[in-house]
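# A predicted structure for the sequence below; I have some questions about it.
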Amino acid sequence: MRWNRVFAFMFLALFVADIVAFVQDGPWQYLFWACNHVTLLLAIAFWRRSGLLFTSIASVVFIPQLFWIVDFFVRLTGTQFLGVTEYLFVPDYPAVWLVLSLKHLFLPFVAVWGVRRYGLAKEGLVGAFIYGIALLLVSYALNPNYNINCAYQNCLTGLPIPSWLWTFGYPIVMAGLIWLQFILLKRYVRH
């Protein structure tokens, strides 16, 4: 049996679960958070065994997802750290969304494993920048009240960053993170 196909179907099922949850119970705009459609991209990457897609995905999401993971585990101790996972600890937060949010715990590691398994594609950096730009443009086009992908205001409530600095610095920081993540991937994959 081809395990890549099994993983492709698992991530596709996770993406469909996100669609159903957000269309049925909440703002459909939440589907545009990077973590929600990365599951679809991972399904495609597994299906095609694409080092290019895995490289692009890992270059965009690895460090931001690590922030989420660290914040989540610190928050489990009762301490607020970065504030990106505060939404999970609101008493009336839907259980289905809580379970679906736990995908943050494995998405970055799956993407890096895919790079290691299927190879680092140098073109992945270009793909990551295209994906990152598309992500920002879509995020800016959506309702600012939802703050999709933190495009309008700081999601790191534990780090006081002035809104004017966030607005102008966010695209630059994201570009820098994409480049940094790609460099780290290159070093990691070399063995």
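Sure, I can see it. Numbers count the residues shown, from 1 in each chain.
# can I assume A8 is in contact with A43?
Yes - using Cβ atoms under 8 Å, A8 is in contact with A43, at 4.7 Å. Where you see a C-beta, it was placed from the backbone N, CA and C, and this is true even at glycine.
# mind showing which ranges of the protein have poor pLDDT?
The model of the chain has pLDDT under 70 over residues 1, 190-191.
# now the helices for it?
Secondary structure of the chain (DSSP state H): helices located at 3-25, 34-48, 51-76, 95-101, 107-118, 124-141, 163-189.
# switch these over to a markdown table; also include mean neighbour count and distance to Y87.
Below are those laid out as a markdown table (neighbours: other Cβ atoms under 10 Å; distance: least, Cβ to Cβ, whole Å):
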| stretch | mean neighbour count | distance to Y87 |
| --- | --- | --- |
| helix 3-25 | 15 | 14 |
| helix 34-48 | 21 | 13 |
| helix 51-76 | 22 | 10 |
| helix 95-101 | 15 | 8 |
| helix 107-118 | 20 | 17 |
| helix 124-141 | 17 | 17 |
| helix 163-189 | 15 | 19 |
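# a markdown table please, covering those helices and showing distance to T85.
Below are the helices of the chain laid out as a markdown table (distance: least, Cβ to Cβ, whole Å):
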| stretch | distance to T85 |
| --- | --- |
| helix 3-25 | 17 |
| helix 34-48 | 12 |
| helix 51-76 | 5 |
| helix 95-101 | 8 |
| helix 107-118 | 14 |
| helix 124-141 | 19 |
| helix 163-189 | 19 |
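# okay then, goodbye and thanks.
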